[in-house]
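Student: what's the 3D shape of this:
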Amino acid sequence: MNILLVEDEARVADFIRRGLAAEGWSIDHAASGEDALEHATANTYDVILLDLMLPGIQGQDVCRKLRARKSKTPVLMLTALDSPEEKVEGLKIGADDYLPKPFDFDELIARVEALHRRANGYAADLGDTVITCGTLTFDRTSLQVSIAGEEIQLSKKERDLLLLFLTNTGRVLSRERILNAVWGLNADPLTNVVDVYVGRLRRKIGAEGQRIVTLRNVGYRMT
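Tutor: All right, here's what the predicted structure looks like:
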């Protein structure tokens, strides 16, 4: 998937870019409204992530200009302006979705994928209520986790981490992606909290913890 990220804050842009790139997506970054319009004119994108508070041309005007040019590329607005009026205005001028900051990174991924599905005309896979991997079972409705039928106690972060692994089995998850998904956009990218929690989770799920494989200098994969 080709994505245009329009964000003027360098730290936020880098964090989002690395997280999206970890999904295997191609990311172009524009730091201003003018740059965004140039990128959108010169290239074809599957989704545009558009911040509203930009230097020069504001995000709302970027969206208006894109629609005036008959661009049909899905636009997801990212902004700290989350009043109902702001959301309504954004949708009226041509945005396809609206996500207020700070946001959960997994929600961002899900919304991007949903926009791409919608644009390409196929339905979403909502996933199973109960996920099973070996002797491990995760009930997404009750949030109960069990090993060979015996319930184990996990903290909220440990459950979130386990669910991320279970819904991405076989896929490599970078530390940045995990940090974004479980701890949020404003987490310190230099922290070792991901490695600490992976260690805790492995111990709590016993032999099933061996399924969480460490990929040196890359991240983790659940087999």
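Student: Remind me what the lengthiest helix in the chain packs against, helices and strands.
Tutor: Longest helix in the chain, counting residues (DSSP state H): helix 105-120. Taking 3 or more Cβ pairs under 8 Å, 6 or more residues apart in numbering; DSSP states H and E as contact, the helices and strands that helix 105-120 lies on are helix 10-21, strand 47-51, strand 75-79, strand 97-100, helix 175-183. In short, each C-beta sits where N, CA and C put it, glycine included.
Student: between it and strand 47-51, how big is the angle?
Tutor: 130 degrees (axes from the mean of the first three to the mean of the last three Cα atoms, to 10 degrees).
Student: about what we covered before: point out the most buried one among the helices and strands packed on helix 105-120.
Tutor: strand 47-51 (a mean of 26; mean count of other Cβ atoms under 10 Å).
Student: Need the residues that contact the next helix or strand after that one.
Tutor: Following strand 47-51 in sequence order, the next helix or strand is helix 59-68 (DSSP states H and E). The contact list for helix 59-68 (Cβ atoms under 8 Å, 6 or more residues apart in numbering) reads 6, 33, 36-37, 40, 48, 50-54, 57, 73, 75, 77, 79, 89-90, 93-95.
Student: Please identify the buried residues of helix 59-68?
Tutor: Gly59, Gln60, Val62, Cys63, Lys65, Leu66 (16 or more other Cβ atoms under 10 Å).
Student: From the residues you listed, pick the one nearest Phe165.
Tutor: Phe165 lies nearest to Gly59 out of these, by Cβ to Cβ, at 34.6 Å.
Student: Measure how buried the closest residue to that closest one other than its chain neighbours is and give me the count.
Tutor: Spatial nearest neighbour of Gly59, chain neighbours left out: Leu52 (3.6 Å); criterion: Cβ to Cβ, 6 or more residues apart in numbering. Around Leu52 there are 23 other residues, counting by other Cβ atoms under 10 Å.
Student: likewise Phe105?
Tutor: 23.
Student: I'd guessed it sits against Glu176; true?
Tutor: No. The pair Phe105 and Glu176 fails to qualify as a contact (Cβ atoms under 8 Å) at a distance of 9.1 Å.
Student: Now list whatever residues contact both of these two.
Tutor: Overlap of the contact sets of Phe105 and Glu176 (by Cβ under 8 Å, 6+ apart) consists of Gly19.
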